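>>> Whatever this is, show me its structure:
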Amino acid sequence: MVKINEYIVADPKVLGGKPVIKGTRISVAFILQLLASGMSVEDILKGYPHLTREAILAAIDYAADTIEHERILEVG
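Presented below is the predicted three-dimensional model:
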């Protein structure tokens, strides 16, 4: 298991190694999809009461950091 930050981990045995909120099978991508669908952090917390605000914010921060360091390569 790789600890990405205090709240986000990646384990090949959980969702094929996708980054998830520690202790859950809830992926960072799923959190982003919920937010993109119009849910607020409060809505997510109501629907998934075992999550914390800090874990959701850590997922957003991880995604932002990943995109910040992404490199686009031109092919062809």
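>>> Pick out the residue nearest the middle of this protein.
residue 28 (1.7 Å; Cα atoms, centre = their mean).
>>> wait, doesn't that one sit right on residue 59?
Yes - the criterion here is Cβ atoms under 8 Å, and residue 28 meets it with residue 59 at 4.5 Å. Every residue, glycine included, has its C-beta placed from N, CA and C.
>>> shared neighbours, these two?
8, 19, 21 (Cβ atoms under 8 Å, 6 or more residues apart in numbering).
>>> Specify which member of the residues you listed is nearest to residue 70.
residue 19 (14.4 Å; Cβ to Cβ).
>>> In this model residue 5 seems to touch that closest one, though I could be wrong.
No - counting by Cβ under 8 Å, residue 19 sits too far from residue 5 to count as a contact (9.5 Å).
>>> out of the two, which sits in the more crowded spot?
Set residue 19 next to residue 5 and count neighbours by other Cβ atoms under 10 Å: residue 19 wins out with 21 against 14.
>>> Which residues are in contact with each of residue 19 and residue 5?
By Cβ under 8 Å, 6+ apart, the residues touching both residue 19 and residue 5 are residue 62.
>>> need the contact list for the residue nearest to the centre of the chain.
Counted by Cβ under 8 Å, 6+ apart, residue 28 has contacts 8, 18-21, 59, 62-63.
>>> try 7 Å this time
8, 19-20, 59, 62-63 (Cβ atoms under 7 Å, 6 or more residues apart in numbering).
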